[in-house]
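Chemist: got a predicted model here, sequence first, then my questions.
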Amino acid sequence: MKFGIIREGKNPPDKRVPLSPQQCLQLLNQYPNLEIAVQPSPIRCFPDAEYAEAGLNLQEDLSDCDVLLGVKEVPVAMLIPNKSYLFFSHTYKKQAYNRDLLRAILDKKIRLIDYEMLKDISGKRLLGFGRYAGIVGAYNGFRAYGKLSGEYELKAAHECKDRRELEHELVKVRLPQNFRIALTGAGKVAGGAMEILSALKITQVYPDEFVREDFNKEVVYTQLNVQDYFKRQDGKPFIRKDFYQDNQGYESNFLPFAEHADMYIACHYWSEGSPLIFSRAEARDPRFNIKLVADISCDIDGPVASTIRPSTIADPFYAYDPQTEKEVAFGTSGSIAVSAVDNLPGELPRDASEDFGNELIKNIIPHFFNGDPQGILAKASETELNGKLSSYFAYLKDYVA
């Protein structure tokens, strides 16, 4: 079997890779019958020279490869017919902007294995860039607070060579006494954000303590799960399983935490139709105390009222005026500062790529060589080499048509 690492072709350019040079060597040692070729790229976070120094073949034409691995969507013109591809296609939710991409994949008889669809038998995702989204997103939040308060200045994450340099920047952070942070979410994104909070030596407290106790001038944070920031409208006990089966009849319970929080780090997963975490009306409530939102989840006009647009790596911060419900200049009095970059792992591409590659090697690659007994690859294949949708993604038929 021969793998090919493709050159990223989507604009804006993405420097991440699915496998680093050393990870390629690890796979070649692990699987004697495997070959790996690397398509040259001028933008990759691991330069061509590093792959060449590792003894890997650099070749422009990857048509002799069986499996092609990328990161972002592959431009239609770059697709090679009759191959298996792995990348983030952003099609399984019927995203209109990628309909033509899926049509081209079917037309070219390509097997598309979507990274987001690779799950274990319990339905848990096996890989992604969520951890580094959390790490960079939380860092950006503290960078924004330094800019807002004027107390310190952090280097932009993408200006740091790696995570080690990023964490070294954190020694500059100066927070006021009794500063409180609320964080929503419990997955890999939240875990990454909490790594930054841990590096800052910020104390974690229980949600009920957060709203009830005085922490004697200590900086603290609390992690809120879905049962903390939502409640049943009928007053009955919250049962997570029931909520995930049907989220109607629930409403936000976030205001008690917003009343005591200075900063909010949003790491939750939110699905269309779920209750809002805080509405525009709640953002105007006199009790609402949050001055800064680091929205890593970045659902636009969704559960976090202040996130009215995504920001960019080049221009990561803006502000939301709760009274006018409009964007205003960062630092405007009475506004909520917002950090909502929607491509966070791209700011630390080497670290994020290595983390992703480790998961790929551990959780996915073995199934190409063991017959895929659990159907991990099969259930993530949106299309088949015969030019048809797989049975698992038959619901996309109308979308493609």
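Modeler: Everything's here; your move.
Chemist: not counting sequence-adjacent ones, nearest residue to residue 358?
Modeler: residue 23 (7.3 Å; Cβ to Cβ, 6 or more residues apart in numbering). To be clear about C-beta, it is placed using only N, CA and C from the backbone, and glycine gets the same treatment.
Chemist: cool, residue 231 as well?
Modeler: Counting by Cβ to Cβ, 6+ apart, the residue nearest residue 231 is residue 253, at 4.1 Å.
Chemist: circling back: and the residue nearest to residue 358, which of the three is it?
Modeler: Secondary structure, DSSP: H, G, I helix; E, B strand; the rest coil: residue 23 is helix.
Chemist: ok, the one 5 residues further on next?
Modeler: The assignment at residue 28 comes out as helix when based on three-state DSSP.
Chemist: would you confirm that it contacts residue 34?
Modeler: Yes: at 6.0 Å, residue 28 and residue 34 qualify as touching, with contact defined as Cβ atoms under 8 Å.
Chemist: what about residue 30, how many neighbours?
Modeler: 12 (other Cβ atoms under 10 Å).
Chemist: swap in the one 3 residues further on?
Modeler: One way to gauge burial is a neighbour count; for residue 33, by other Cβ under 10 Å, it gives 8.
Chemist: how close does the closest residue to it other than its chain neighbours get to residue 69?
Modeler: Using Cβ to Cβ, 6+ apart and skipping the chain neighbours, the partner closest in space to residue 33 is residue 1 (6.5 Å). Counting by Cβ to Cβ, to the nearest Å, the separation of residue 1 from residue 69 is 12 Å.
Chemist: counting neighbours, go ahead and name the busier of the two.
Modeler: Higher neighbour count among residue 1 and residue 69: residue 69, with 23 against 13, using other Cβ under 10 Å.
Chemist: ok, the closest residue to that one other than its chain neighbours to residue 90 distance?
Modeler: Counting by Cβ to Cβ, 6+ apart, residue 18 is the residue found nearest to residue 69 once chain neighbours are left out, at 4.3 Å. Note on residue 18: its distance to residue 90, by Cβ to Cβ, is 16 Å.
Chemist: compare those two (neighbour count), which wins?
Modeler: Each of residue 18 and residue 90 has its neighbours counted (other Cβ under 10 Å); residue 18 has more, 22 against 15.
Chemist: just want the most central residue of this structure.
Modeler: Closest to where the C-alpha atoms of the chain average out (Cα atoms, centre = their mean) is residue 130, at 3.9 Å.
Chemist: thought that residue was touching residue 192?
Modeler: Yes: Residue 130 is within contact range of residue 192, at 6.7 Å (criterion: Cβ under 8 Å).
Chemist: about what we covered before: residue contacts, the residue nearest to the centre of the chain?
Modeler: 187-189, 192 (Cβ atoms under 8 Å, 6 or more residues apart in numbering).
Chemist: in helices, which of these fall?
Modeler: The helices, defined by DSSP state H, take in 188-189, 192 from the contacts of residue 130.
Chemist: quick one on the thing from earlier: the residue nearest to residue 358: neighbour count?
Modeler: With other Cβ under 10 Å as criterion, residue 23 counts 22.
Chemist: contacting residues around the closest residue to residue 97 other than its chain neighbours?
Modeler: Once flanking residues are discounted, residue 97 sits nearest to residue 90: 7.9 Å by Cβ to Cβ, 6+ apart. Shown in contact with residue 90 (Cβ under 8 Å, 6+ apart): 73, 97-98, 116.
Chemist: filter those residues down to the buried ones.
Modeler: Among those, those classed as buried by 16 or more other Cβ atoms under 10 Å are 73, 98, 116.
Chemist: mind putting these in a markdown table, pLDDT and secondary structure included?
Modeler: Putting these into a markdown table (pLDDT from 0 to 100; DSSP: H, G, I helix; E, B strand; the rest coil) gives the following:
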| residue | pLDDT | secondary structure |
| --- | --- | --- |
| 73 | 96 | coil |
| 98 | 95 | helix |
| 116 | 95 | helix |
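Chemist: so who does the spatially closest residue to residue 288 that is not a sequence neighbour touch?
Modeler: Residue nearest to residue 288 in three dimensions, not counting chain neighbours: residue 258, with 5.0 Å by Cβ to Cβ, 6+ apart. Contacts for residue 258 (Cβ under 8 Å, 6+ apart) come out as 182, 264, 278, 282, 287-290.
Chemist: can you list which of those are found in strands?
Modeler: 182, 264 (DSSP state E).
Chemist: ok, the contacts of residue 258 vs residue 54, which is closest?
Modeler: residue 264 (43.1 Å; Cβ to Cβ).
Chemist: distance of that closest one from residue 182?
Modeler: Taken as Cβ to Cβ, the span from residue 264 to residue 182 is 5 Å.
Chemist: identify the residues contacting stretch 31-50?
Modeler: Contacts for stretch 31-50 (Cβ under 8 Å, 6+ apart): 1-8, 13-17, 19-21, 24, 27-28, 51, 56-60, 62, 64-65, 349-350, 353, 365, 369.
Chemist: swap in stretch 109-126?
Modeler: 79-92, 102, 105, 127-128, 359, 363-364, 374, 376-377, 379-387.
Chemist: close enough to count as contact, the residue nearest to residue 33 and residue 67?
Modeler: Yes: using Cβ under 8 Å, residue 1 is in contact with residue 67, at 6.8 Å.
Chemist: the residue nearest to residue 111 when sequence neighbours are not counted pairs with what?
Modeler: Nearest residue to residue 111 in three dimensions, chain neighbours excluded: residue 84, at 4.2 Å (Cβ to Cβ, 6+ apart). Under the criterion DSSP bridges, residue 84 forms beta bridges with residue 67, residue 111.
Chemist: quick check: the residue nearest to residue 358 vs residue 270, distance?
Modeler: 33 Å.
Chemist: same thing with residue 236?
Modeler: If you go by Cβ to Cβ, the gap between residue 236 and residue 270 works out to 23 Å.
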